[in-house]
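Peer 1: need the 3D shape of this:
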Amino acid sequence: MYSHFDSDTWITPFGLIFLLAIFAAWFLARRNAVSVELDGSHVDLLIPVVIIVGIAGGTLLSLLMPMDQMIAGEMMQTGVRLRLFGMLATGAVAVYVYSRIEKLSFRRLLDVFALPTLAGLMIHRIGCFLAGCCWGDIVSNEHSTSFASQVQTLPFLSGLSSGVSYPPGSLPYEQHLAMGLIEPNALASLPVYPVQLYEAALLLVLIAALWRFPWRRFPAGILAVIVVCAYAFVRFFIEFLRADGHIVLGSMTVTQLQCLFLLLSGILLPGMLGRARGGPLARG
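Peer 2: You can find the predicted model right below:
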């Protein structure tokens with residue numbers, strides 16, 4: 001049930017769903033590649049490279065931002081976290097280097113991977129729900145805590161959901177224990193919002209809305225910009241219901257600041273991309 005491995009458990013639902021997410025993204029990216037007359041072998045080579053480089057980049061970002069490891073103020077810290085935007089950014093760097101080597105359009109390659117990446121993330125969030133990572137705020141505001149801004153960002157939503165509880169050993173349980181919200185012998189964590197499933201549902205809607213977008217008729221890179229901005233917008237608001245991110249500015253987490261940066265970048269990039277209109281695989 002959990003994302004971590006121990007001496008007795010080498011295969012977990014989280015791990016299997018993570019693999020399913022990778023293969024789903026791989027399959028869809030291959031289809032996109034064929035639709036723009038790009039050899040599918042490029043996708044076959046890029047997927048493992050992007051994953052390896054992305055994991056390394058996400059880890060590096062965590063090391064450079066130690067405050068982002070805190071999930072219950074100073075009372076509890078996790079180990080190094082793999083940051084999604086760090087993984088995506090360094091993965092994009094790997095795609096760029098590959099595009100230069102193979103003399104392909106970097107922007108079009110990003111288009112090829114844009115929606116498949118969202119689809120993989122959507123599936124991955126189901127694994128997060130099962131594992132208890134990326135968990136949500138507590139659903140009740142009956143439990144007063146000095147860290148309310150971290151685990152009860154939107155207290156007026158209390159009662160709208162019955163929530164889900166996680167067993168001892170899970171991250172939500174350990175957070176609530178560290179905060180003194182539950183007793184050491186408690187059988188489960190307090191109910192929290194199944195925010196992972198909320199995000200998965202929103203991603204499904206986003207994918208359905210963009211699936212028929214005629215991106216091949218637009219300048220290369222436009223679909224990638226739209227997808228990044230759309231996800232940043234969704235994630236910014238979802239983050240208010242997540243309890244695993246340390247508050248760094250007002251009521252915002254590091255991830256929300258990154259979302260704002262991506263949205264601002266998305267406003268500026270289309271004008272730059274519109275000046276490069278070559279063929280589907282024009283050098284870009």
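Peer 1: for the nearest residue to Pro194 once chain neighbours are set aside, give me the pLDDT.
Peer 2: What sits nearest to Pro194 in space, not counting adjacent residues and going by Cβ to Cβ, 6 or more residues apart in numbering, is Val164, at 5.1 Å. Placement of C-beta: from N, CA and C, glycine included. Looking at Val164, its pLDDT stands at 91.
Peer 1: cool, Arg30 as well?
Peer 2: Arg30 is assigned a pLDDT of 95 by the prediction.
Peer 1: residues in contact with it?
Peer 2: With contacts defined as Cβ atoms under 8 Å, 6 or more residues apart in numbering, Arg30 is in contact with Gly40, Val43, Asp44.
Peer 1: right, and the helix or strand after the lowest-mean-pLDDT helix or strand in the chain?
Peer 2: The helix or strand with the lowest mean pLDDT-type score in the chain, counting by mean pLDDT, DSSP states H and E, is helix 148-151 (a mean of 64). Going down the chain from helix 148-151, the next helix or strand is helix 171-178, by DSSP states H and E.
Peer 1: re earlier: determine the number of other residues adjacent to the residue nearest to Pro194.
Peer 2: Number of residues near Val164 (other Cβ atoms under 10 Å) recorded here: 20.
Peer 1: can you list the weak-confidence ranges in the stretch 101-250 of the chain?
Peer 2: 141-150, 152-160 (pLDDT under 70).
Peer 1: residue boundaries of the helices in it?
Peer 2: With DSSP state H, counting those that start in this stretch as the criterion, the stretch 101-250 of the chain has helices at 106-131, 148-151, 171-178, 195-210, 222-238.
Peer 1: which one of the ones you listed lies closest to His246?
Peer 2: Closest approach to His246 among those (Cβ to Cβ): helix 148-151, 7.3 Å.
Peer 1: circling back to that earlier point, distance check, the residue nearest to Pro194 against Leu177.
Peer 2: 17 Å (Cβ to Cβ, to the nearest Å).
Peer 1: please apply the same query to Val234.
Peer 2: 31 Å.
Peer 1: I'd like the helices of the stretch 101-250 of the chain as a markdown table, with distance to Val95 and mean neighbour count appended.
Peer 2: Shown next, in a markdown table, are the helices of the stretch 101-250 of the chain (distance: least, Cβ to Cβ, whole Å; neighbours: other Cβ atoms under 10 Å):
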| stretch | distance to Val95 | mean neighbour count |
| --- | --- | --- |
| helix 106-131 | 5 | 23 |
| helix 148-151 | 35 | 19 |
| helix 171-178 | 31 | 22 |
| helix 195-210 | 19 | 17 |
| helix 222-238 | 10 | 21 |
